[in-house]
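[1] Build me a structure from this.
(chains A and B)
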Amino acid sequence: MRTKIKDILSRDEADYKVNVKGWVRSFRNNQFIALNDGSCLANVQVVIDLGTDENIVKKITNGASISVDGSVVASQGKGQRVEVKADSVTILGECDPEKFPLQLKNRPSLEYLREIAHLRFRTNTFGAVFRVRHALAYAIHKFYNDRGFVYMHTPIVTASDAEGAGEMFRVTTLPFDNPPRTEDGAIDFKEDFFGRSTNLTVSGQLEAELGATAFGEVYTFGPTFRAENSNTARHLAEFWMIEPEVAFNDINDNMDLAEDFIRYLIKYVLDNNREDLDFLAQRLAEEEKQKPMNERSEMGLIEKLTFVVDNKFERITYTDAINILLDSPAYKKKKFQYDVKWGIDLQSEHERYLVEKHFKKPVIVTGYPKDIKAFYMRMNDDGKTVAAMDILAPGIGEIVGGSQREERLDMLMKRMEEMHISHEELYWYLDTRRFGTVPHAGFGLGFERMVLFVTGMTNIRDVIPFPRTPKNAEF
RNA sequence: UCCCCGAUAGCUCAACGGUAGAGCAGGAAGCUGUUAACUUCAAGGUUCGAGGUUCGAAUCCUCGUCGGGGAGCCA
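    From the prediction side, this is the model:
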């Protein structure tokens, strides 16, 4: 019966028999094995006799997998309280040190580790990141389950291309070198697998709204695909998104939910993944030391997370945001590359100014001009703005985008016409407004952006196991 | 997609247009309660690819590939 290293270290007692299995992180002095089994960040020290069979000792190399039978004893050394005194060591899988691409003592760069993503889980950093990622995923389900939400699986393959959330990946079984054609030469999607043109989903929101008008409170948590040629540290072609949708909620309820949600997730990880977070905090602090003074962040990772848990997000309207920007020293000194005036979409530099310079905390911006937002957002009484809300996080930018939805059939149809979206194609969406329509609201939280925020990592490719980005679908 | 920067030993990085180096890893030997163990020795290179300039190119120029930072699009 195998005992996990996490259990040995947290039990913190001596004088009992165990079997431990894991991967060798380092082997010192022909005697001391630092063994890691992924159950926690820390290694357990395995001590073997100097007289151990040389054929075994030779195979205890970095990366090798071993099984150890022995006793947990109080350590004579300084670095640990308990260690495993081995009675016998079995090599499960050898690891040729000459060929093993992961050499931990060389401080491999994140970029290099990305090239060996199949092995990078075996590092402290990625071990911590992906344990935290898991904890966040679990906490998401727990948060909504505890509040009576129904977890809804919205389709991955969709025929709807009206969501306007970005470029889509086509799903087809047609031969691309010689597709069937209609009489006028267009590709005949009637011949395709689904009998129509289909794509990978860019959002589960429209389907989630259907669920919300029956269950009241639903959420989705699934993969999402955007075929945008985005090459940034914040974009993936395949990413995960959480989209709660709640009947009878207005925009203020929506903000409350999003804020409670984010704060809950951070608190969950602070309470349950402290060892990993402390390691990531230390990693980040060392990285910050490399930066010039004026680029360093004022707070450490733990401090930042605690601050977010303890403080309300700032809530401002789009119009307030524009006025703050117009009044800012940055604007007056012409520091902004893009001009500021009512009606523009806020640029990255504007969002960063609001979040990182002016408020220095997460900011919720509401009431955006209708012309820069999607058709389904509820029109405000002024006829110019919609009940949209974006949550902007320091260092990440937009982490949540949501709105109260337009529940009034006539208003919704008018907006769709203005934006050239077919009523026929979305008849099922409009039906929710035809039959027992209710006010409702929801939002989308980018899961990887949340993981970025919590772990303090800076590239989104380092918080998803196998990133899909333009020109990269390895593994 | 656009702008800027980069690619040199397995990894992290040096090298003014003039003999490609170091640390670590890996190999050999030693030491033995170590903590990224330590000490000694030996080995390790198509300088990303294709062209070009030059007596001579890692170094300069052009194109390409890949990576990083920023922007756009967004979550």
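[2] near RNA strand B, which residues of the stretch 51-200 of chain A?
    A:61-62, A:75-80, A:83, A:85, A:97-98, A:101, A:103-109, A:111-112, A:114, A:165-166 (C-beta under 7 Å from any atom of the strand). Using the backbone N, CA and C atoms, a C-beta is placed for each residue, glycine as well.
[3] Any chance you could list what contacts stretch A:97-107?
    Contacting residues not belonging to stretch A:97-107 are listed as A:Arg25, A:Ser26, A:Thr61, A:Asn62, A:Gly63, A:Pro108, A:Leu113, A:Ile116, A:Leu119, A:Arg120, A:Arg122, A:Thr123 [C-beta atoms under 8 Å, 6 or more residues apart in numbering].
[4] before we move on, back to that, just the buried members of the residues of the stretch 51-200 of chain A next to RNA strand B?
    Buried members of those, counted by 16 or more other C-beta atoms under 10 Å: A:Thr61, A:Asn62, A:Ser75, A:Glu83, A:Lys85, A:Pro108, A:Arg114, A:Ala165.
[5] Now the first one. Nearest residue, chain neighbours left out?
    If the residues on either side of it in the chain are set aside, A:Thr61 comes closest to A:Pro97, at 4.6 Å by C-beta to C-beta, 6 or more residues apart in numbering.
[6] So for the one you found, what's the pLDDT?
    pLDDT recorded at A:Pro97 is 86.
[7] Tell me which helix or strand it sits in.
    Assigned by DSSP states H and E, A:Pro97 belongs to no helix or strand.
[8] Now it. Its backbone dihedrals?
    Backbone geometry at A:Pro97, expressed as degrees, to the nearest 10, gives phi -60, psi -20.
[9] gap between it and A:Lys59?
    10 Å (C-beta to C-beta, to the nearest Å).
[10] List the residues that contact the residue of chain A at minimum distance from RNA strand B.
    Among the residues of chain A, A:Gly77 lies nearest to RNA strand B; the distance is 2.1 Å by C-beta to the nearest atom of the strand. By C-beta under 8 Å, 6+ apart, the contact set of A:Gly77 is A:Phe32, A:Gln45, A:Glu83.
[11] Which of those fall within strands?
    In strands, judged by DSSP state E, the following of the contacts of A:Gly77 are found: A:Phe32, A:Gln45, A:Glu83.
[12] now the contacts of stretch A:97-107 in CSV, with secondary structure and pLDDT?
    Output for the contacts of stretch A:97-107, formatted as CSV (DSSP: H, G, I helix; E, B strand; the rest coil; pLDDT from 0 to 100):
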residue, secondary structure, pLDDT
A:Arg25, strand, 92
A:Ser26, strand, 91
A:Thr61, coil, 91
A:Asn62, coil, 90
A:Gly63, coil, 91
A:Pro108, coil, 87
A:Leu113, helix, 93
A:Ile116, coil, 91
A:Leu119, coil, 92
A:Arg120, helix, 93
A:Arg122, helix, 94
A:Thr123, coil, 94
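[13] Among those, which one has the most neighbours?
    Tallying neighbours with other C-beta atoms under 10 Å puts A:Arg120 at the head of the contacts of stretch A:97-107, with 22 neighbours.
[14] hang on, A:Ala34 is in a helix, isn't it?
    No - read with DSSP: H, G, I helix; E, B strand; the rest coil, A:Ala34 is strand and lies in no helix.
[15] Kindly give the local confidence score, pLDDT, for it.
    pLDDT recorded at A:Ala34 is 94.
[16] Counting neighbours, what do you get for it?
    20.
[17] what's the closest non-adjacent residue to A:Arg226?
    A:Gly166 (4.2 Å).
[18] before we move on, back to that, name the SS class of the residue of chain A closest to RNA strand B, please.
    Following three-state DSSP, A:Gly77 is assigned to coil.
[19] Check it and give its pLDDT.
    On the pLDDT scale, A:Gly77 is placed at 89.
[20] thinking again about what came up before, isn't the residue nearest to A:Arg226 up against A:Glu228?
    Yes - using C-beta atoms under 8 Å, A:Gly166 is in contact with A:Glu228, at 5.2 Å.
[21] all helices of the stretch 201-350 of chain A, in order?
    Per DSSP state H, counting those that start in this stretch, the stretch 201-350 of chain A carries helices over the ranges A:205-215, A:251-272, A:274-289, A:301-310, A:318-327, A:329-332, A:348-352.
[22] Check the ones you listed for me and report the most buried one.
    With neighbours taken as mean count of other C-beta atoms under 10 Å, those reach their highest mean count in helix A:205-215, at a mean of 21.
[23] name the helices or strands packed onto that one?
    In terms of contacts (3 or more C-beta pairs under 8 Å, 6 or more residues apart in numbering; DSSP states H and E), helix A:205-215 is packed against strand A:217-225, strand A:238-247, helix A:427-434, strand A:440-446.
[24] Check the average confidence over the helix or strand hosting A:Asp87, would you?
    Using DSSP H and E, A:Asp87 maps to strand A:82-93. Average pLDDT, strand A:82-93: 94.
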